[in-house]
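K.L.:
here's a sequence, model it:
(4 chains)
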2 protein chains.
Amino acid sequence: MSAAQKHDIFQAIADPTRRKILKLLADKKLPVTAISRHFPMSRTAVSKHLRILSESKLVSVEKAGREKLYKLQPEALLELKEWLSFFEQFWDNKISMLKYFVENEEIGKLNLIMPESNEESKDS
Amino acid sequence: MSAAQKHDIFQAIADPTRRKILKLLADKKLPVTAISRHFPMSRTAVSKHLRILSESKLVSVEKAGREKLYKLQPEALLELKEWLSFFEQFWDNKISMLKYFVENEEIGKLNLIMPESNEESKDS
DNA sequence: ATTATATGAAACTTTTTGGTTACATGTCAA
DNA sequence: TTGACATGTAACCAAAAAGTTTCATATAAT
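P.N.:
A predicted model of the protein is given here:
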């Protein structure tokens, strides 16, 4: 069912505000008003972002009195993970070293492992 | 350097055309004209997508005679991987079962592991 | 030299996106 | 039952995105 939903997960996470919302919800369920306090925009704008996140199943909603609690649904990120893993196959031999540099926040030094940094370049 | 580049990786992969381009380039380097044959749009439109992919370092360019060969740069996806890994911490215990369902294309049955599917719901 | 191929840039159009304000509804507290 | 709080929807607007066509430039082939 659901031939083509309007918002896919790639689109959903494209917006910085929505990514920040996801991080907020990682801690705990929150109602719209609480969420919107973290942003320099109206509650209504945040509400629209939440609708988009809901459509792509990244968050779920739960009624609690007059509030509606939004909850992170991290399983939806599985699709992204699968997509990523396809490309990792073209990548594997470099990943562990890259991980090292990233985890040590020294990604700026990454040219150290790039072989093309020689003085003169010979073809083939 | 480069305080805030115009296109980040999340935006770059948000567009389906660009994701397809990345898959094409996974196989081999290609010039714009060859790439655009896979799409129902003009070469110029594809060229613009490639510029966006370049800006976010997902592809690199290499001059070859009168052609320009575009090449996949999968390392740029590391940022995405890092972002994802943050959320996996809220996810770990479910991941293996989810993987099973996904790999067997039975994601529709996922409610099997959702505890809230009882007949009546008791508060707290 | 001349023609054909490969490309990017510019100007323009249409659609989508992200935001606003105003309004209607539902729930809690007095 | 009246007032305050929490929310979503509607109508609207501006800016960004994605596409088009036209043009200019560089390289290759004849």
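K.L.:
all contacts plus neighbour counts: C-alpha atoms, from now on.
P.N.:
Fine.
K.L.:
domains in chain A, as residue ranges please.
P.N.:
Domain ranges of chain A: A:9-72, A:77-113, per automatic domain parsing.
K.L.:
adding mean pLDDT, write the ones you listed out as JSON lines.
P.N.:
Putting those into JSON lines (pLDDT from 0 to 100) gives the following:
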{"stretch": "domain A:9-72", "mean pLDDT": "97"}
{"stretch": "domain A:77-113", "mean pLDDT": "66"}
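K.L.:
for those domains, which one sits closest to DNA strand D?
P.N.:
domain A:9-72 (3.5 Å; C-alpha to the nearest atom of the strand).
K.L.:
span of that closest one from start to end?
P.N.:
14 Å (C-alpha to C-alpha, to the nearest Å).
K.L.:
which residue ranges of chain A form helices?
P.N.:
A:9-12, A:16-27, A:32-36, A:43-55, A:78-88, A:92-103 (DSSP state H).
K.L.:
residues of the fourth one that come out buried?
P.N.:
Counting neighbours by 16 or more other C-alpha atoms under 10 Å in any protein chain shown, one finds that the buried residues in helix A:43-55 are A:Arg43, A:Val46, A:Ser47, A:His49, A:Leu50, A:Arg51, A:Ile52, A:Leu53, A:Ser54, A:Glu55.
K.L.:
so is that helix next to chain B?
P.N.:
No. Helix A:43-55 does not reach chain B (C-alpha under 8 Å from any C-alpha of the partner chain); its nearest approach is 13.9 Å.
K.L.:
counting contacts, what elements does that helix pack onto?
P.N.:
The contact analysis (3 or more C-alpha pairs under 8 Å, 6 or more residues apart in numbering or on different chains; DSSP states H and E) places helix A:43-55 against helix A:16-27, helix A:32-36, strand A:59-64.
K.L.:
again, only using 10 Å
P.N.:
Under the contact criterion of 3 or more C-alpha pairs under 10 Å, 6 or more residues apart in numbering or on different chains; DSSP states H and E, helix A:43-55 touches helix A:9-12, helix A:16-27, helix A:32-36, strand A:59-64, strand A:67-72.
K.L.:
what's that helix in contact with?
P.N.:
With C-alpha atoms under 10 Å, 6 or more residues apart in numbering or on different chains as the test, helix A:43-55 has contacts from A:5-9, A:11-13, A:15, A:17-19, A:21-22, A:31-40, A:56-61, A:70-73.
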